[in-house]
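*Asks:* Pasting a predicted model and its sequence here:
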Amino acid sequence: EAAVTQSPRNKVAVTGGKVTLSCNQTNNHNNMYWYRQDTGHGLRLIHYSYGAGSTEKGDIPDGYKASRPSQENFSLILELATPSQTSVYFCASGDEGQISNERLFFGHGTKLSVL
Amino acid sequence: AQKVTQTQTSISVVEKTTVTMDCVYETRDSSYFLFWYKQTASGEIVFLIRQDSYKKENATVGHYSLNFQKPKSSIGLIITATQIEDSAVYFCAMREGWSNNRIFFGDGTQLVVKP
């Protein structure tokens, strides 16, 4: 079964501090995604990646950077964290090239609180 | 405008009945892919079922099926013989085109199945 692991599971940060959320997948998927989920909202796309070395902006990229140093790892970086970035963050992987088996596999989420 | 819209915020049903959750989408692409995901109370998000726009037959997996109405840009999720454990938040999602890997999610519908 495909596996996506996020770390940490919970994080408390201070305003203005730097936060790095990590994601690792063992699915050998080309595509990886970072979403945030807020109460009353669905999953909103922050950044995504087509493969190692690539990052693309999603719908709400402001205040976030992403890094894809390898096929397996995709990080989300908050250089100057703000309270508005308090949320639950989900990482996902998928390989849309495999149309017959296309789907996203999600990590368990990271709950981030910025105080 | 949102690409994927779920107008039902919450639905409550009695177990063993059938429930339909609505979803409408917006796209200019002739080919697109539609998905439903389930988020359990623990926060886990799992893939349920998928419909490819070029397929006329409605997808079915177990007690999940889809009502794909292309002229109405609508993809309803039907759950038959509901069980208590079907209680969750259900998300509709869409990917446009063959090479675009961005996936848009709706805001979700909370389903409560009561005994």
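*Replies:* Yep, that arrived. Numbers count the residues shown, from 1 in each chain, chains lettered A, B, ... in the order given.
*Asks:* okay, CA-based contacts and neighbour counts for the rest of this
*Replies:* Noted.
*Asks:* And the helix or strand of chain B with the lowest mean pLDDT, what does it pack against?
*Replies:* Ranked by mean pLDDT, DSSP states H and E, the helix or strand of chain B with the weakest confidence is strand B:103-105, at a mean of 91. For strand B:103-105, the packing partners by 3 or more CA pairs under 8 Å, 6 or more residues apart in numbering or on different chains; DSSP states H and E come out as strand A:43-49, strand B:88-96.
*Asks:* Need those in JSON lines (columns: mean pLDDT, distance to A:Trp34 and mean neighbour count).
*Replies:* Converted to JSON lines, these look like this (pLDDT from 0 to 100; distance: least, CA to CA, whole Å; neighbours: other CA atoms under 10 Å in any protein chain shown):
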{"stretch": "strand A:43-49", "mean pLDDT": "94", "distance to A:Trp34": "5", "mean neighbour count": "24"}
{"stretch": "strand B:88-96", "mean pLDDT": "94", "distance to A:Trp34": "15", "mean neighbour count": "24"}
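*Asks:* Of the ones you listed, which is nearest A:Arg36?
*Replies:* Closest to A:Arg36 of the helices and strands packed on strand B:103-105 is strand A:43-49 (CA to CA; 5.4 Å).
*Asks:* Toward the C-terminus, what is the element adjacent to the closest one?
*Replies:* Proceeding N to C from strand A:43-49, the next assigned helix or strand is strand A:56-57, under DSSP states H and E.
*Asks:* which outside residues touch that next one?
*Replies:* Residues from elsewhere that reach strand A:56-57 (CA atoms under 8 Å, 6 or more residues apart in numbering or on different chains): A:46-49.
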